[in-house]
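*Asks:* sequence plus the predicted model coming up.
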Amino acid sequence: MPRSGTRLAVLIVTCVALLAGCAPAAAPAPSAAPGAPSAEPGASPTGNESGGDGTPSETAAPELSQADRDELAEAVRSGDAAAIEDRLADPVEVVVAASECCGLVTPAEAIAQLAYIQDAPGPWDFALPETTVDGYRESAYYGEFFPEDVLVGRAADGTLVAFGIDGDEVTTLFLGFEGLLQD
């Protein structure tokens, strides 16, 4: 194969592996009998993993702990947003309602955007009733920023912050005012 063809083949294999989310699989080891299934040492024949008691075990996806959620809320209350930078995805999607800001940004840029809510009068309430958050979800423009696993805080004047959480990190940050969510 010409050299440029080899490069193209390597590029295609790499792209397919990245799109699949994993490296190319190794070829199975030859088995003793033709057509017999091959197995990795220690793997169960069905491919199902099981706990010590024979029941299937599931690897739990990482989650943002309650302590981490409390840390997010405290960062808003105290104005010390830099303390939560390591909780943000890179990039993180930031939306400042009724503006053209911001899209996908670095965690440091997202922290800088939290200045938008810094002067909101306290107290901040991060224990909003689910019916209130459901109302935010109905917003035609901003409802997508209030998924099921969201941490929403509301200041005394209706200023809002919503941390959209996926697994163990904040993937979206919504900053706005409650009145903007009412269509």
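*Replies:* That came through fine.

*Asks:* tell me where the model's unsure across this protein.
*Replies:* Within the chain, the ranges that satisfy pLDDT under 70 run 1-61, 183.

*Asks:* try 90 this time
*Replies:* Under the criterion pLDDT under 90, the flagged ranges of the chain are 1-64, 83, 100, 179-183.

*Asks:* ranges for the strands of it?
*Replies:* For the chain, applying DSSP state E gives strands covering 88-96, 102-105, 150-154, 159-166, 169-177.

*Asks:* dump those to a markdown table, plus mean neighbour count and distance to Ala120.
*Replies:* Placement of C-beta: from N, CA and C, glycine included. As requested, those are exported to a markdown table (neighbours: other Cβ atoms under 10 Å; distance: least, Cβ to Cβ, whole Å):
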| stretch | mean neighbour count | distance to Ala120 |
| --- | --- | --- |
| strand 88-96 | 19 | 13 |
| strand 102-105 | 15 | 18 |
| strand 150-154 | 20 | 9 |
| strand 159-166 | 22 | 4 |
| strand 169-177 | 21 | 9 |
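
*Asks:* among those strands, which is nearest Asp119?
*Replies:* When the strands of the chain are compared for distance to Asp119 using Cβ to Cβ, the nearest one is strand 159-166, at 8.8 Å.

*Asks:* what residues does that closest one touch?
*Replies:* The list of residues contacting strand 159-166 from outside it, by Cβ atoms under 8 Å, 6 or more residues apart in numbering, reads 64, 69, 72, 76, 89, 93, 114, 117, 120, 136, 145-147, 149-154, 170-178, 181.

*Asks:* circling back: need the strands of the chain in CSV with distance to Tyr141, can you?
*Replies:* As requested, these are exported to CSV (distance: least, Cβ to Cβ, whole Å):
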stretch, distance to Tyr141
strand 88-96, 10
strand 102-105, 15
strand 150-154, 16
strand 159-166, 13
strand 169-177, 10
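
*Asks:* looking at the ones you listed, which is nearest to Ala127?
*Replies:* Taking Cβ to Cβ as the criterion, Ala127 comes closest to strand 150-154 out of the strands of the chain, the separation being 9.2 Å.

*Asks:* quick check: Ala82 touching Ile111?
*Replies:* Yes: contact criterion Cβ atoms under 8 Å: Ala82 and Ile111 qualify, at 5.8 Å.
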